[in-house]
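[1] I would like the atomic coordinates for the input below:
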Amino acid sequence: EISEKDYCRESPVIDRPSCGLDLGWRVMSPGEYLRIGMLVDSLDRAVELRLPLSMGRKRDESKQGWISSLHDLIAFDSRIDLELEGAKTKLGELLLEKPAGFDKMRQNGLRKLMRETRDQRVLNVLTEWEERNSNLCAIRATVRRRTRRRKSWLYHNLAAWIAATYGTIVWEGNFSLKLMSMRSENPAFRTAAKYRQWAGLGELRTAIKNAARKYRSEIIQAETLNTTRRCFVCSAEHKGDKSELHLECPNGHRWDQDINAARNILFCQFSDGPEQVKRFRIMHGADVTTSIDIPAHLTEIAVPCSVQ
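    Below you'll find the predicted structure:
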């Protein structure tokens, strides 16, 4: 855990830059990490917020080679499903009359069948399945605990860095994970639907709120209507679908839709966003090449990128 003295600034809150946060989840590079958000600050510098899918992937010989990553959780889920379907296939060959709903039966259904059956062959299949299933579930639970602890540590420190670096944080006011997951018009959300709980954006938002109170940063709830489709440069709207990461407005401006959304969220309180960027740079004595100081322990999760 990072102590307060590692982050606190002596300058007043007003002297710190502001930032806009567009939070969400998107599978990137393919299957290497989740993009959980995009941060753009008042100096028009962008930081991609990542959650690695191979996070904490370390072998531990003392624990039978167990490894801790989201890839492993998904692999164990697949193995558990394969074991269940394999047991059902064998049972289908043995049962003279299948129970109601057998084709959709899951673990509890098989356990109920194991308690009720008097056929020794069926009981043998179910007993073998239950033993393998219990072992896999125990390993999966251990991996899940490790990955959750690691994610909580990263979110806590990421939130502390954001709140200590930026005096004002602007983000989506009507944020709803459920509504985001139901956005059927965006295939990216459907593709990444299975990662929603893993991303844990509610946990990240709570961590940022707590850090903002600690470091005296202000949080502004922004209006986010069409922030993704509306071009930050000219305000024209992209009319096509949002399945591609990079969109283009009718006037030919091309942008990463998450960066564009974060810029719009940050500068929604100003009528002249692009001009306001220039004024902020003058105010803070910074130019386009000014880099963002990201602590070494966060370089895996906070990655500077170009706004173009």
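[2] Show me what the helix or strand containing R150 is packed up against.
    Assigned by DSSP states H and E, R150 falls within helix 120-165. Packing partners of helix 120-165 (3 or more C-beta pairs under 8 Å, 6 or more residues apart in numbering; DSSP states H and E): helix 4-7, strand 18-28, strand 46-52, helix 70-94, helix 107-116, helix 201-214. C-beta coordinates here come from the backbone N, C-alpha and C atoms, glycine included.
[3] between it and strand 18-28, how big is the angle?
    Put simply, helix 120-165 runs at 150 degrees to strand 18-28, going by axes from the mean of the first three to the mean of the last three C-alpha atoms, to 10 degrees.
[4] Use 45 as the first number from now on
    Noted, 45 is the first residue going forward, which turns the last one into helix 164-209.
[5] Give me the next element, helix or strand, following helix 164-209.
    Under the assignment DSSP H and E, the closest C-terminal helix or strand after helix 164-209 is strand 212-216.
[6] Each with direction, which strands does that next one pair with?
    Paired neighbours of strand 212-216 in the sheet (DSSP bridges): strand 62-72 (parallel), strand 262-266 (parallel).
[7] So for it, mean pLDDT?
    Strand 212-216 shows a mean pLDDT of 90.
[8] Need the contact partners of that strand.
    When contacts are defined by C-beta atoms under 8 Å, 6 or more residues apart in numbering, strand 212-216 is touched by residues 57, 60, 62-67, 206-207, 249, 252, 256, 261-266, 268, 309-310, 312-313.
[9] Next, the angle from it to helix 245-258.
    160 degrees.
[10] Distance of R240 relative to R70?
    11 Å (C-beta to C-beta, to the nearest Å).
[11] Name the spans of the protein whose pLDDT lies under the cut-off.
    Under the criterion pLDDT under 70, the flagged ranges of the chain are 45-58, 74-75, 99-113, 218-238, 313-334, 352.
[12] Find the residue at the geometric middle of it.
    In the chain, the centroid-proximal residue (C-alpha atoms, centre = their mean) is A243; its distance is 3.1 Å.
[13] That residue reaches L78, doesn't it?
    Yes - in this structure, A243 is within contact of L78 by C-beta atoms under 8 Å, at 5.7 Å.
[14] between those two, what contacts are shared?
    By C-beta under 8 Å, 6+ apart, the residues touching both A243 and L78 are W69, L95.
[15] ok, which stretches of the stretch 195-344 of the chain are strands?
    Here the stretch 195-344 of the chain has its strands, by DSSP state E, counting those that start in this stretch, at 212-216, 262-266, 290-292, 298-300.
[16] Burial-wise, tell me which of these comes out on top.
    strand 212-216 (a mean of 22; mean count of other C-beta atoms under 10 Å).
[17] what's the distance between that strand and the middle of its chain?
    18 Å (C-alpha atoms, centre = their mean, to the nearest Å).
[18] before we move on, the earlier item: might you report the residue contacts of the residue lying closest to the residue nearest to the centre of the chain once chain neighbours are set aside?
    Spatial nearest neighbour of A243, excluding adjacent residues (C-beta to C-beta, 6 or more residues apart in numbering): W69 at 4.0 Å. Going by C-beta under 8 Å, 6+ apart, W69 touches L78, R79, I80, A236, Y239, R240, A243, L245.
[19] Max pairwise distance over the residues you listed: which two?
    R79 and R240 (13.2 Å; C-beta to C-beta).
[20] Can you point out the buried residues in stretch 159-173?
    In terms of neighbour count (16 or more other C-beta atoms under 10 Å), stretch 159-173 has its buried residues at T161, V166, V169, L170, W173.
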